[in-house]
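Asks: Kindly generate the corresponding structure for this input.
(one chain, ligands or ions: 1)
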Amino acid sequence: MKQSQLDYPFPKGFWWGSASSATQMEGAASLGEKGPNIWDYWYETEPNRFFQGVGPEHTSQFYDQYKSDIQLMKETGHNSFRFSISWSRLIPNGDGAVNAEAVQFYNNVIDELIKNDIEPFINLFHFDMPLSMQEIGGWESRAVVEAYVRYAQKCFELFGDRIKYWFTHNEPVVPVEGQYLYGFHYPALCDFKKAVQAAFHEVLASAKAIESYKKMNLSGKIGIIINLTPSYPRSQHPMDVEAANRADLLFNRSFLDPSVKGTFPEELIELIDQEGFTPIIAGGDLETIKENTVSLLGINYYQPRRVKAKEHVPNPSAPFLPERYFDYYEMHGRKMNPYRGWEIYEKGIYDLLMNIKNNYDNIDCFIAENGMGVENEGRFIGEDGIIEDDYRIDFYKEHLKWVHKAMEEGVNVKGYHVWTFMDNWSWLNAYKNRYGLVSVKLEDDYKRTIKKSGKWFKNLSSNNGF
Ligand code: BGP
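Replies: Down below sits the predicted model:
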């Protein structure tokens with residue numbers, strides 16, 4: 001189709017593809033000389049935490065099937081694909097000897113992608129702390145920051161000749177929430193002070209990895225992928241506005257500002273200091289963060305936060321959580337995903353992008369995850385045996401319209417990656433919510449079938465718009 005016939009044309013070279021992560025799709029969790037990470041350990045010790053007791057060993061078997069999967073990526077129109085390196089597969093002890101089998105695997109994946117004209121994007125950390133590193137404190141520990149930087153350097157050395165787009169973290173706020181606040185990642189603590197230290201160390205680790213990358217004089221770009229959740233106040237009452245601002249500071253700007261601007265927001269520092277949660281910062285750390293900002297920003301967007309002022313004075317003995325500063329409310333008439341329970345608010349993606357243009361120097365960015373999870377998706381299989389996920393096609397279109405508008409208004413959006421390529425295992429939720437352009441039938445030897453949305457995505461990418 002000619003570009004002039006499209007309602008929503010996108011520029012030449014726009015990235016169409018998807019995102020994934022090692023633990024969620026490789027499988028082979030204890031094979032190929034891989035070391036254990038926190039997910040393997042948690043599953044071994046507390047399998048009942050996982051939906052239907054399904055653990056990381058059963059993730060989509062990309063480790064064995066990467067070749068045919070990459071053919072399916074072609075068939076679904078990918079010109080780019082983001083995956084993560086499993087730190088504990090590459091360096092089984094977290095620090096030290098490199099696993100030759102893992103090097104071979106990642107080299108094979110990279111080469112196969114390039115051979116098929118799919119640009120590989122590599123993310124270095126997607127929630128999968130090696131167990132040995134967690135045992136010495138995980139992100140709370142300075143030693144882990146140093147080990148992470150050595151791991152990052154190793155990745156640059158091994159794969160930097162072919163990789164043009166690197167990312168230091170995916171959604172760095174999530175391990176902080178999961179491990180230190182809300183209990184959905186091992187070790188499921190509830191300790192705000194430790195959460196702040198861990199967050200600071202993630203920011204520092206990212207800056208130090210960027211510093212190392214720059215020293216190597218490779219020709220690629222290095223960025224970070226952050227999940228941004230726009231916080232909308234219930235009303236323009238100053239107390240509601242203040243509550244939304246605090247949610248924004250804690251969940252968005254805590255990583256966005258240091259990554260892009262090299263500094264933490266003053267108001268955030270005040271908030272943290274006033275509670276006595278100031279992290280340990282070594283001499284030179286703030287300079288390292290200042291000097292090593294990202295050159296590309298990946299944005300994950302799923303849903304907004306609807307925030308109101310706190311109605312009651314928080315009980316001082318209750319666990320200290322970010323919700324001490326605000327409450328959530330159910331906005332009347334908001335659109336919900338009936339199959340996952342998350343709000344769908346398409347304009348949120350536009351608001352986020354405009355914020356990047358107006359307040360973050362209009363840095364080059366791309367949508368690094370956007371997707372619609374569906375529980376029990378098998379019910380939508382049509383007569384031809386494929387999943388008729390028109391709801392997902394609508395979801396993508398409605399978000400892309402807003403991305404398009406932001407681009408018309410000058411935001412430097414370079415691409416759109418969906419979550420995700422094929423149905424995958426999602427941490428404690430395991431296979432509960434399906435997101436793929438391709439379905440995976442666990443009970444039929446992980447059989448892959450392209451969904452209706454996968455076919456639609458192929459047209460989207462071939463036409464470069466819709
Ligand atoms: C994102 C994560 C992904 C994935 C996705 C879906 O925040 O980056 O790793 O898990 O959420 O989550 P869920 O399966 O819980 O709906």
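
Asks: Can you tell me which residue of the stretch 51-200 of the chain sits closest to the ligand?
Replies: Closest approach between the stretch 51-200 of the chain and the ligand, counting by Cβ to the nearest ligand atom: E171, at 5.1 Å. Using the backbone N, CA and C atoms, a C-beta is placed for each residue, glycine as well.

Asks: Buried residues of stretch 370-383, list them for me.
Replies: Neighbour-count burial for stretch 370-383, with 16 or more other Cβ atoms under 10 Å as criterion, is recorded at 370-375, 377, 380.

Asks: what mean pLDDT does that stretch have?
Replies: The pLDDT scores in stretch 370-383 average 97.

Asks: How about residues contacting it?
Replies: 300-302, 337, 339-340, 342, 344, 349, 387-389, 391-392, 395-396, 399, 416-420, 423, 426, 432-435, 439, 452 (Cβ atoms under 8 Å, 6 or more residues apart in numbering).

Asks: Strands - which of these land there?
Replies: Counting by DSSP state E, the part of these found in strands is 300, 416-418, 433-434, 439.

Asks: so which of the contacts of stretch 370-383 are also by the ligand?
Replies: 300, 419, 426, 433 (Cβ under 6 Å from any ligand atom).

Asks: P130: which of those residues is nearest?
Replies: For those, the closest approach to P130 (Cβ to Cβ) belongs to S426, at 20.2 Å.

Asks: any idea of the pLDDT on the closest one?
Replies: 97.

Asks: Check the gap between the closest residue to the ligand within the chain and F167 for me.
Replies: For the chain and the ligand, the shortest gap (Cβ to the nearest ligand atom) falls at S426, measuring 3.1 Å. Distance of S426 to F167, given as Cβ to Cβ, to the nearest Å: 19 Å.

Asks: Of these two, which one has the most company?
Replies: F167 (27 against 20; other Cβ atoms under 10 Å).

Asks: Confirm that that one sits in a strand.
Replies: Yes - applying DSSP: H, G, I helix; E, B strand; the rest coil, one finds F167 inside a strand.

Asks: who's in contact with it?
Replies: When contacts are counted by Cβ under 8 Å, 6+ apart, F167 touches 82, 121-124, 222-225, 298, 368.

Asks: count of residues packed around the closest residue to it other than its chain neighbours?
Replies: Among residues not flanking F167 along the chain, N123 sits closest, at 4.2 Å (Cβ to Cβ, 6 or more residues apart in numbering). Applying other Cβ under 10 Å, we find 25 residues neighbouring N123.

Asks: And N123, what's its pLDDT?
Replies: Value for N123, per-residue pLDDT: 99.

Asks: Now do the strands in the stretch 151-300 of the chain.
Replies: With strands called from DSSP state E, counting those that start in this stretch, the stretch 151-300 of the chain shows them at 165-170, 221-227, 231-233, 296-300.

Asks: who does the shortest one pair up with?
Replies: Pairing partners of strand 231-233, with direction, according to DSSP bridges: strand 305-308 (parallel).

Asks: does any part of the partner strand sit near the ligand?
Replies: No - Strand 305-308 lies out of reach of the ligand by Cβ under 6 Å from any ligand atom, never closer than 14.0 Å.

Asks: what's next to that strand, contact-wise?
Replies: Defining contact as Cβ under 8 Å, 6+ apart, one finds that strand 305-308 is touched by 229-235, 240, 243-244, 247, 251, 326-331, 334, 343.

Asks: thought A368 was touching G298?
Replies: Yes - here A368 reaches G298: they are 3.1 Å apart, a contact under Cβ atoms under 8 Å.

Asks: Common neighbours of those two, please.
Replies: Shared contacts of A368 and G298 (Cβ under 8 Å, 6+ apart): 82, 167, 170, 225, 417.

Asks: Which members of the residues you listed are classed as buried?
Replies: 82, 167, 170, 225, 417.

Asks: Would you agree the fourth one is in contact with I367?
Replies: Okay, so that is I225. No - I225 lies out of contact with I367 (Cβ under 8 Å); the separation is 10.2 Å.

Asks: residues shared between the contacts of these two?
Replies: With Cβ under 8 Å, 6+ apart as the test, I225 and I367 both reach 298-300.

Asks: List only buried entries from these.
Replies: The neighbour-count criterion (16+ other Cβ under 10 Å) marks 298-300 among the shared contacts of I225 and I367 as buried.

Asks: what's the distance between the helix or strand S462 falls within and the middle of its chain?
Replies: According to DSSP states H and E, S462 maps onto helix 452-463. Put simply, helix 452-463 sits 23 Å off its chain's centre (Cα atoms, centre = their mean, to the nearest Å).

Asks: cool, and stretch 195-211?
Replies: Centroid separation between stretch 195-211 and its chain, computed with Cα atoms, centre = their mean, is 16 Å.

Asks: Ramachandran coordinates for the residue lying closest to I38 once chain neighbours are set aside?
Replies: Excluding its sequence neighbours, the residue lying closest to I38 (Cβ to Cβ, 6+ apart) is Y186, at 4.4 Å. Here is the backbone geometry of Y186 (degrees, to the nearest 10): phi -60, psi 140.

Asks: where does Y186 land on pLDDT?
Replies: 98.

Asks: Tell me which residues touch it, please.
Replies: 38-39, 41-42, 134, 179 are the contacts of Y186 under Cβ under 8 Å, 6+ apart.

Asks: Swap in 10 Å and give it another go.
Replies: Contacts for Y186 (Cβ atoms under 10 Å, 6 or more residues apart in numbering) come out as 37-43, 45-46, 49, 129, 131, 134, 138, 175, 178-179.

Asks: what's the answer for N355, then?
Replies: Residues in contact with N355 (Cβ under 10 Å, 6+ apart) are 228, 230, 248, 252, 256, 406, 411.

Asks: that's a helix at it, yeah?
Replies: Yes - assessed with three-state DSSP, N355 lies in a helix.

Asks: Get me the contact residues on this structure for the ligand.
Replies: So the chain meets the ligand at 21, 24, 170-171, 227, 300, 369, 373, 419, 426-427, 429, 433 (Cβ under 6 Å from any ligand atom).
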